[in-house]
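Asker: Please find the sequence and the predicted model below.
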Amino acid sequence: MRRIYLDNAATTALDPQVLDAMLPYMTEHFGNPSSIHSYGRATRSAIEKARKKVSGMFGVSPGEIFFTSGGTEANNFALQCSVRDLGVRRIISSPIEHHAVTHTVEALGKEGKVEVVWVKLLADGNIDLEDLERLLSMEGPTTLVSLMHANNEIGVLLDIKTVSALCAAHEAYFHCDTVQTVAHYHIDLQETPIHFISAAAHKFHGPKGVGFVYVNGDVHLQPLIYGGAQERNMRAGTENLYGIIGMAKALEIAYDELEETSAYIRSLNKTMRQRLIAEFPGIQFNSPEEGLYTVLNVLFPAHPKNDLLLINLDIQGIACSGGSACSSGSSTGSHVIAALNAPEGTAAVRFSFSKFNTPEDVEEAITRLQQVFGVTTATAG
């Protein structure tokens, strides 16, 4: 049985072109970038070329890009260093952020370092921008707003231009978790000023274990990790050389192909939505049609099969998610779906697409879903 991978919001397959770019740095170009000899100078040069390539895609200076182990570290870097170094004493965030943000914010709150304020959500999961403006207009300590560009489970998109303007008007710092949108949308940080963004290469066909944090040049932070002079004294530890090379290549490919790839993935998403509506009466969607085009979060009506739905789908060869894969080992349900007040007995399933999926994947997924639920096609005859 052919397996169908529809969990690209969790991680994506490595692009073969990315692997080709990485391989020489696993074999012949293996020098430590901190070494002064020719081996080290060659790899140092490669890292700085990668940094320049990444920074150019966001309209920022290479000195504002710091390579990390991924999105979680990048988020922690922005949040924890803002509190320690910028005098942030209040953080405004939302209850449906990735746990890399919510758990960090909650920990800072429990330690008594910040006041934590949760902005209200609209019924569909979007941020209530009027409530955000109300919170920002309240007199108080130095504030950091931490909101994700696109929710990783339901795909609602944040109006980052409006949030950026609100933060500027009220002299607040703005951190945006862009892990799901970097390489999928153009983000011009000159046009839309943001103090921090975070990214992870494995969300756009790059390698796992590498990402970056952008830190606006007007923001001055101390290191999060001490012990060496790497990343201009901001992150100690020998650099993930081939990971950085691979991430820069993956980002380059993504933006070179963005228009064509996004249109293709949108068509897959639209077809999946239409086919689900046709074949499964009563189905609803947690993902807005105008949301993150790689994600389709589906709410199946109450059914006896819902309790083991993801396991049965896996048995049928469909890889998808019931929420964030980062918490798939948890016994608790999705905090995002819980915030939407989904009806009891329903089951939320996230299908997420990439350029490596095909229309045949969508049709076969529908067929196997019908087998799981024991339904016959509504469009037959």
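Answerer: Thanks, I have the structure now.
Asker: any idea how far residue 283 is from residue 252?
Answerer: 38 Å (Cβ to Cβ, to the nearest Å). To be clear about C-beta, it is placed using only N, CA and C from the backbone, and glycine gets the same treatment.
Asker: Neighbour count: these two, which is higher?
Answerer: Just comparing residue 252 and residue 283: by other Cβ atoms under 10 Å the higher neighbour count belongs to residue 252, 19 against 15.
Asker: Tell me who's in contact with that one.
Answerer: 53, 57 (Cβ atoms under 8 Å, 6 or more residues apart in numbering).
Asker: Would you agree residue 14 is in contact with residue 206?
Answerer: Yes. Counting by Cβ atoms under 8 Å, residue 206 is a contact partner of residue 14 at 7.2 Å.
Asker: Compare these two (neighbour count), which wins?
Answerer: Between residue 14 and residue 206, counting by other Cβ under 10 Å, residue 206 is the more crowded of the two (30 against 17).
Asker: what's the nearest residue to that one if we skip its chain neighbours?
Answerer: residue 250 (3.3 Å; Cβ to Cβ, 6 or more residues apart in numbering).
Asker: what separates the one you found from residue 296, distance-wise?
Answerer: Distance of residue 250 to residue 296, given as Cβ to Cβ: 23 Å.
Asker: Do I have it right that residue 193 meets residue 218?
Answerer: No. With contacts defined as Cβ under 8 Å, residue 193 does not count as touching residue 218, sitting 9.4 Å away.
Asker: Counting neighbours, go ahead and name the busier of the two.
Answerer: Neighbours per residue, other Cβ under 10 Å: of residue 193 and residue 218, the larger number sits with residue 193, 16 against 8.
Asker: need the contact list for that one.
Answerer: Applying Cβ under 8 Å, 6+ apart, one finds that residue 193 lies in contact with 164, 168, 174, 216.
Asker: Now which of these would you call buried?
Answerer: Buried subset of the contacts of residue 193 (neighbour count, 16 or more other Cβ atoms under 10 Å): 164, 174, 216.
Asker: residue boundaries of the strands in this structure?
Answerer: For the chain, applying DSSP state E gives strands covering 4-5, 65-68, 90-93, 115-118, 143-146, 173-177, 196-200, 211-215, 284-285, 295-300, 318-319, 347-352.
Asker: Compare those and report which one is nearest to residue 309.
Answerer: Among the strands of the chain, strand 347-352 comes nearest to residue 309, with 5.0 Å by Cβ to Cβ.
Asker: if you skip the residues just before and after it, what's nearest to residue 167?
Answerer: Closest to residue 167 by Cβ to Cβ, 6+ apart is residue 174, at 4.1 Å.
Asker: What of residue 140?
Answerer: Leaving out its chain neighbours, the residue that sits closest to residue 140 by Cβ to Cβ, 6+ apart is residue 90, at 5.5 Å.
Asker: Residue 361 contacts residue 6, correct?
Answerer: Yes. Residue 361 is within contact range of residue 6, at 7.0 Å (criterion: Cβ under 8 Å).
Asker: more crowded one of those two?
Answerer: Taking residue 361 and residue 6 together and counting by other Cβ under 10 Å, residue 6 has the greater number of neighbours (24 against 20).
Asker: and that one, what is it in contact with?
Answerer: When contacts are counted by Cβ under 8 Å, 6+ apart, residue 6 touches 318, 319, 320, 351, 352, 353, 357, 361, 365.
Asker: Contacts only, for the fourth one.
Answerer: Residues counted as contacts of residue 351 (Cβ under 8 Å, 6+ apart) are 6, 7, 272, 295, 296, 297, 298, 320, 365.
Asker: again with the first one
Answerer: Residue 318 sits next to 3, 4, 6, 365, 368, 369 when contact means Cβ under 8 Å, 6+ apart.
Asker: just checking, which of the residues you listed belong to helices?
Answerer: Secondary structure from DSSP state H places 365, 368, 369 of the contacts of residue 318 in helices.
Asker: Which of those residues ranks first by neighbour count?
Answerer: residue 369 (24 neighbours).
Asker: Look at that one and report its pLDDT.
Answerer: pLDDT, residue 369: 96.
Asker: right, and it touches residue 278 too?
Answerer: No. Counting by Cβ under 8 Å, residue 278 is not a contact partner of residue 369; they are 12.0 Å apart.
Asker: still on that earlier bit, now, which of the contacts of residue 193 sits nearest residue 333?
Answerer: Closest to residue 333, out of all of those and judged by Cβ to Cβ, is residue 174, at 30.0 Å.
Asker: before we move on, back to that, between the strands of the chain, which gets nearest to residue 229?
Answerer: strand 65-68 (13.1 Å).
Asker: contacting residues around the closest one?
Answerer: Contacts of strand 65-68 from elsewhere in the structure, counted by Cβ under 8 Å, 6+ apart, are 47, 51, 54-55, 74, 77, 198, 210-215, 231-232, 234-235, 239-240, 244, 247.
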